[in-house]
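Asks: Here's a sequence, model it:
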Amino acid sequence: MGGDIATGKWVDPRGGKVLFKNFARECLIGRDLRLTTRSKYEHLLDDHILPAFGDVPIRNLTPAMVRAWYTSLAKQYPSTAAGSYRLLASILRAAVDDEVLVRTPCRLRGAGRERSSERPIASVSELEAGIAACPEHFQLAPMLAAWCQLRRGEILGLQRQDIDLDVGTLTIRRSWCLQHNGSSVMGPPKTEAGIRTVSIPPNVLPMLQSHMKAVGRKPTAWLFPGENEKPVSPRSVDRVWDKARQMIGRPDLRFHDLRHTGLTLTAIAGATTAELMRRAGHASPAAAIRYQHATTDRDKALAQALGELAESANVIALRRTKDGRNRTTRADEQAG
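Replies: Next comes the predicted model:
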């Protein structure tokens with residue numbers, strides 16, 4: 001993206017200064033973004049960044065102003081603050097590239113890093129109970145989230161042509177996502193790595209085969225059809241799962257946590273980081289490594305179990321004979 005202050009672009013006609021809001025909007029327009037990403041950025045910009053900096057000449061922004069804004073926002077909304085800071089920093093880096101600024105005022109180390117709490121994990125029995133608590137025509141959705149590790153949008157974007165029951169695979173090519181304005185939009189998966197073919201576990205195939213009998217015969221028929229020849233609304237899936245998780249006593253278990261559970265189980269099963277990346281559609285190892293903690297936790301649990309086994313074992317007392325050999329006495333044997 002380029003700009004020319006001399007032409008009046010981004011300039012406040014009242015004072016001849018480049019206002020942050022003008023530059024920021026032009027910056028977003030010039031980016032090649034997925035629709036859902038653009039919707040998210042516009043939400044962060046309109047609701048959290050422009051109210052603080054919109055009418056400020058961009059050259060008047062200071063590190064102290066950015067720090068005060070971020071600190072205030074992070075107290076209430078840590079995750080939103082991190083995302084807003086990343087967007088602000090990227091806009092101001094563009095301003096440096098366009099020579100509108102000499103140096104960016106975004107200098108807070110770690111401010112753009114999200115420190116989200118560990119998400120809950122369901123047991124296999126809880127997965128089974130939650131799936132059974134859903135209406136029959138919706139049961140496949142949580143099944144695919146948990147055992148094929150699909151995102152909600154990827155599940156709703158599946159068509160008949162994406163399912164190969166003979167080979168036992170499904171292919172993710174598109175995603176039906178909810179935007180911040182409440183509307184849904186069809187687009188590509190979250191990343192290029194999201195376009196992938198996933199092997200279907202044997203425990204999923206019977207339900208998938210049964211579900212496919214009710215799917216339209218056209219190759220482009222949706223697995224979860226809604227109105228106007230579009231997939232069902234993502235909110236509908238959330239509402240169904242919200243009721244199911246209450247019924248099984250796991251109100252903390254969101255729909256996305258089913259995918260998290262599935263990837264954790266995959267790590268426990270011995271998947272490498274590369275295998276996790278491929279199955280989950282992750283573009284970088286960092287996203288997949290978070291699930292590797294499962295193998296470490298499992299190893300610690302095994303070590304703890306071994307220690308408890310050693311402590312609870314009956315120890316046979318050994319008596320040393322004159323020849324230096326160890327032996328047990330009859331009384332010891334009887335006591336044992």
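Asks: and residue 141, how far is that from residue 231?
Replies: For residue 141, the distance to residue 231 (Cβ to Cβ, to the nearest Å) stands at 11 Å. In this view, the C-beta of every residue, glycine as well, is placed from N, C-alpha and C.
Asks: So for those two, which residues contact both of them?
Replies: 156, 224 (Cβ atoms under 8 Å, 6 or more residues apart in numbering).
Asks: between the two, which one's more packed in?
Replies: Taking other Cβ atoms under 10 Å, residue 141 and residue 231 do not tie; residue 141 has more neighbours (26 against 23).
Asks: shouldn't the more buried one be in contact with residue 134?
Replies: Yes - when contacts are counted by Cβ atoms under 8 Å, residue 141 is listed as touching residue 134 (7.5 Å).
Asks: which residues are common contacts for those two?
Replies: 240, 241.
Asks: Hmm, residue 18 and residue 59 touching each other?
Replies: Yes - taking contacts as Cβ under 8 Å, residue 59 lies within contact range of residue 18: 6.9 Å.
Asks: Quick check: neighbours shared by the two?
Replies: residue 100.
Asks: Of the two, which one has the most company?
Replies: More neighbours surround residue 18 than the other of residue 59 and residue 18, with 22 against 14 (other Cβ under 10 Å).
Asks: Which secondary structure element is home to the closest residue in space to residue 33 that isn't next to it in sequence?
Replies: Of all residues not flanking residue 33 in the chain, residue 41 sits nearest, at 6.9 Å (Cβ to Cβ, 6 or more residues apart in numbering). Applying DSSP states H and E as the criterion places residue 41 in helix 35-44.
Asks: For that helix, give the mean pLDDT please.
Replies: Regarding helix 35-44, the rounded mean pLDDT is 86.
Asks: need the next SSE after it, C-terminal direction.
Replies: Per DSSP H and E, the helix or strand that comes after helix 35-44 is helix 50-53.
Asks: tell me the mean pLDDT over that next one?
Replies: Mean pLDDT, helix 50-53: 96.
Asks: residues of it that come out buried?
Replies: 50, 52, 53 (16 or more other Cβ atoms under 10 Å).
Asks: same thing with stretch 91-108?
Replies: Under 16+ other Cβ under 10 Å, the buried positions of stretch 91-108 are 91, 92, 94, 95, 98, 100, 101, 104, 105, 106.
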